[in-house]
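J.: Give me a 3D structure for the following:
(one chain, ligands or ions: 1)
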Amino acid sequence: MNWGMKNRLSRIIKPGTGRCVMLAVDHGYFQGPTTGLVNLGETVNPLLPYADALMITRGAIRNWIDPSVDIPVILRVSGGQSILKELSNEIITTNIEDAIRINASAITCSVYVGGEFEKETIDNLSKLVDKGEKYGIPVLAVTAVGKEMARDARYLGLASRICVEIGAHVVKTYYTENFEKVVEACGNVPVVIAGGKKLPETEALQMSYNAVSEGAAGVDMGRNIFQSDSPVGMIKAVRAIVHDGMSAKDAYEIYEQEKK
Ligand code: R5P
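T.: Numbering: from 1, shown residues only. From the prediction side, this is the model:
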């Protein structure tokens, strides 16, 4: 890795703990006005002090986030599909020059292994890695899961390893049983988990704890934070698990306190 890439990555994955809490709010790029993100700024701004990085699209950041904010940006640069159609039909929507203008610390796209447009999404990743290597911008590959695919360690290990082999600098995947196998498949490339659909807070916290205990570098979580009845409570609790190694039970107390 060149100096710029290492520097950008160390703004996201904190050198002190080797871990990170990424706040994902890019859902609108294919889901439209997702619950909790209709007024994205109102939801997200109070959470920024507790996030290590913000995953967002260029349109959303320009509309709802003040440019003076001090947070590393993981810029979602892919899209082109919607929940109404085939999800894997994704293209690159944002060029590297615009990512640099936004001062992105990383860029991201999804890879649909097993999807109808699998090859095209792998091609998207490979092109982003080429650009990222050229300009010193790390690429986070999201292992997006099609409707028909089982989210087990075998499938997620396959999808994650392909992202690593194509050159991703960070892999985002889902937590599953035998998660260590997914982490092992990624070698030295850090792995973070998505939260997925909204779960009861206790379950989302336990999942976060299990993931970091089994080798994840942290979380890139969206709905389980911003759709919670206490988003600040949830991100503080997740942060305590990821950076301080707190148990899910103790972290739940942080959420409860904040909610009160
Ligand atoms: C999906 O492709 C997006 O990248 C989301 O940011 C991702 O799914 C993480 O959000 P959540 O924790 O809500 O699953």
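J.: secondary structure class for Val219?
T.: State at Val219, reduced to three classes by DSSP: H, G, I helix; E, B strand; the rest coil: strand.
J.: List the contacts of the closest residue to Ala60 other than its chain neighbours.
T.: Excluding the flanking residues, the one nearest Ala60 by CB to CB, 6 or more residues apart in numbering is Leu40, at 5.5 Å. The C-beta positions use only the backbone N, C-alpha and C, and glycine is treated the same way. Leu40 sits next to 25, 28, 60, 63-64 when contact means CB atoms under 8 Å, 6 or more residues apart in numbering.
J.: swap in Asn103?
T.: Counted by CB under 8 Å, 6+ apart, Asn103 has contacts Val73.
J.: hang on, it in a helix?
T.: No - counting by three-state DSSP, Asn103 falls outside a helix, being coil.
J.: Now it. Its backbone dihedrals?
T.: Dihedral pair for Asn103: phi 70, psi 40, per degrees, to the nearest 10.
J.: now do Ala211
T.: Per degrees, to the nearest 10, the backbone of Ala211 is at phi -60, psi -50.
J.: Distance of it relative to Asp70?
T.: Using CB to CB, to the nearest Å, Ala211 is found at 27 Å from Asp70.
J.: Give me the more crowded residue out of those two.
T.: Between Ala211 and Asp70, counting by other CB atoms under 10 Å, Ala211 is the more crowded of the two (26 against 6).
J.: just checking, the more buried one touches Gly196?
T.: No - at 11.6 Å, Ala211 does not count as touching Gly196 under the criterion of CB atoms under 8 Å.
J.: circling back to that earlier point, show the pLDDT at the residue nearest to Ala60.
T.: On the pLDDT scale, Leu40 is placed at 98.
J.: Do you have the strands of the stretch 101-250 of the chain handy? List them.
T.: In the stretch 101-250 of the chain, the strands defined using DSSP state E, counting those that start in this stretch lie at 106-111, 139-143, 170-174, 191-194, 218-221.
J.: For Lys236, which non-adjacent residue is spatially closest?
T.: Spatial nearest neighbour of Lys236, chain neighbours left out: Ile254 (5.2 Å); criterion: CB to CB, 6+ apart.
J.: for Asp52, same thing?
T.: Residue nearest to Asp52 in three dimensions, not counting chain neighbours: Cys20, with 4.4 Å by CB to CB, 6+ apart.
J.: can you tell me how far the one you found sits from Ser105?
T.: Counting by CB to CB - Cys20 and Ser105 are separated by 11 Å.
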